[in-house]
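Participant: Got a predicted structure plus its sequence, pasted below:
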Amino acid sequence: MITPEEALEKILEHLGPLPSERVSCAETLGMVLAGEVRARRASPGADNSAMDGYAVVASDTAGASEESPRTLPLVGASVAGEPFDGELQAGQVARITTGAIVPPGATAVVPQELVEARDGEVVLTAPVKEGANIRRRGEEYGEGEVILPAGTPVRPAGVALMVGAGVSEVEVVRVPTVEVVVTGDELVTPEEAADNPTSPVDSNGPLLRACLDEARVPRVQVGRCGDDPEALAEKLRRGLERADVVITTGGASVGPLDVVARAWELAGVETVFWKVAIKPGKPLRFGVARRGDRVIPVFGLPGNPLAVLTGFQRFVRPAIELLRGGAPRRETARLPLATPRRVKWRAEVVYGAIEGGRFVPASHQGSGMMRGAAVSPASALLPGESREIGAGELVEVTGSPEGSGS
């Protein structure tokens, strides 16, 4: 049996980013850039006004004050999409709106708050400096400039940046396809549950689909299989042909209905490790299958829902992030434990909340209990040291602060 840290290391050493694909910038949210992105146009594309006001020749405003105002004729306007017609001459002003192109000849923009307009004239009561309130062409970036380097995860601002720079398509690391197979003859669907009050409802399929949706993995197929190694092996073979990641739930231990080990053998999946010193989720199995030059990771998660959630968050999701070109790290913090908790020889994942800068474990914990995880936005990894962890002792916490949800 290996530690959680050793398990994750073994998983990641078998994997690397998937090949790239070209997609529309509008579809890149959550993806990782496979190459650098260069602007196809400058930003701004021309000198434009940073505010509503009046375009002027700055030298015309020298010495203007409340006591000695300057009055100049208003000769036109420049608005967004409809620039001033012609060139602004010394001794003239033009109305201008935010983002509108600065007229040729103008060297500054006077904020409208400092101007009084009346009868085709503008009264200036304060001077402005050369270049005041003008956004210069290329001030943010020039045409051909690298605006996002390779390896950048695309966030909403990145989508806007690329589109605004005139880029329509980019190379991104392909998002993996995932096949999920839920095993168990005893499982029923929510629709069947009313007629089978003692049978467990399959929540693992919906759970994993939700986890993958949260991870922005859109290409997911979820299937069911009974406790038959031959049938499971056939589903695995099909999944290995069309998916980049295959996940099974249930049948991962050593009971008479635990069929995963035999099914993996029949399907040609090489087991890298089985069993991790973690609670919940000890029977986690990880392996790889080879199809030509492809190495496909296969995860055999236990059947208990909380163990499935823990296995996905701690092991499957980092693998998916690496496949899609991102960093497989989890954002963690060291926080004091609010109440003492006894742990045994294996590491334990405890769900709870962050309150007042401390980690507060949920009251309901257990591999088949989802209530604590459902209402608690964080989890802590407690070390497997067969001792009591005292209140105030620092533990590794992953998740959201109070009131922020999951």
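Facilitator: Sure thing, it's come through. Residues are numbered from 1 along each chain as shown.
Participant: all strands of the stretch 301-406 of the chain, in order?
Facilitator: Ranges of strands in the stretch 301-406 of the chain, per DSSP state E, counting those that start in this stretch, are 332-336, 341-343, 347-355, 358-361, 378-382, 387-389, 394-399.
Participant: Name all residues that make contact with residue 128.
Facilitator: Neighbour list for residue 128: 56, 58, 61, 108-110, 114 [criterion: Cβ atoms under 8 Å, 6 or more residues apart in numbering]. Where you see a C-beta, it was placed from the backbone N, CA and C, and this is true even at glycine.
Participant: who touches the closest residue in space to it that isn't next to it in sequence in this structure?
Facilitator: In space, residue 128 comes closest to residue 108 once its chain neighbours are excluded; the distance is 4.5 Å by Cβ to Cβ, 6 or more residues apart in numbering. Applying Cβ under 8 Å, 6+ apart to residue 108 gives the contacts 55-58, 61, 128-134.
Participant: quick check: domain ranges of this structure?
Facilitator: 4-19+175-323, 26-42+142-173, 48-135, 332-399 (automatic domain parsing).
Participant: so which of these is the most packed in?
Facilitator: Most buried of the domains of the chain, by mean neighbour count (mean count of other Cβ atoms under 10 Å): domain 4-19+175-323, with a mean of 19.
Participant: for that domain, what is the average pLDDT?
Facilitator: Mean pLDDT, computed over domain 4-19+175-323, is 91.
Participant: Quick one: distance of that domain to the chain centre.
Facilitator: 22 Å (Cα atoms, centre = their mean, to the nearest Å).
Participant: and if you look at stretch 52-67?
Facilitator: Put simply, stretch 52-67 sits 48 Å off its chain's centre (Cα atoms, centre = their mean).
Participant: Then stretch 50-65?
Facilitator: A distance of 46 Å separates the centroid of the chain from that of stretch 50-65, by Cα atoms, centre = their mean.
Participant: now for whichever strand or helix holds residue 290, which elements pack on it?
Facilitator: Using DSSP states H and E, residue 290 falls within strand 285-291. Where contact means 3 or more Cβ pairs under 8 Å, 6 or more residues apart in numbering; DSSP states H and E, strand 285-291 is packed against helix 4-13, helix 229-242, helix 260-267, strand 270-274, strand 294-301.
Participant: Turn these into TSV, including distance to residue 146.
Facilitator: Converted to TSV, these look like this (distance: least, Cβ to Cβ, whole Å):
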stretch	distance to residue 146
helix 4-13	29
helix 229-242	36
helix 260-267	45
strand 270-274	39
strand 294-301	32
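Participant: Could you measure from residue 336 over to residue 150?
Facilitator: From residue 336 across to residue 150, the span is 40 Å (Cβ to Cβ, to the nearest Å).
Participant: Do a quick rundown of the helices in this structure.
Facilitator: Assigned by DSSP state H, the chain shows helices spanning 4-13, 156-164, 204-214, 229-242, 260-267, 305-311, 317-323, 371-375.
Participant: Output stretch 327-343 as PDB, nothing but the C-alphas.
Facilitator: Only the C-alpha atoms of stretch 327-343 are listed here, as PDB (Å, rounded to 0.1, in the frame of the first residue of the first chain):
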ATOM      1  CA  ALA A 327      -0.800  22.400 -13.600                       C
ATOM      2  CA  PRO A 328      -2.000  19.300 -11.600                       C
ATOM      3  CA  ARG A 329      -1.600  21.100  -8.300                       C
ATOM      4  CA  ARG A 330      -4.400  21.700  -5.700                       C
ATOM      5  CA  GLU A 331      -4.600  25.100  -4.100                       C
ATOM      6  CA  THR A 332      -4.100  24.400  -0.400                       C
ATOM      7  CA  ALA A 333      -3.600  26.300   2.800                       C
ATOM      8  CA  ARG A 334      -2.400  25.400   6.300                       C
ATOM      9  CA  LEU A 335      -5.100  26.200   8.800                       C
ATOM     10  CA  PRO A 336      -5.700  25.300  12.500                       C
ATOM     11  CA  LEU A 337      -8.100  22.500  13.200                       C
ATOM     12  CA  ALA A 338     -11.100  23.700  15.200                       C
ATOM     13  CA  THR A 339     -11.700  20.600  17.200                       C
ATOM     14  CA  PRO A 340      -9.400  17.600  18.100                       C
ATOM     15  CA  ARG A 341      -9.600  14.500  15.900                       C
ATOM     16  CA  ARG A 342      -8.100  11.100  16.200                       C
ATOM     17  CA  VAL A 343      -6.500   9.500  13.100                       C
END
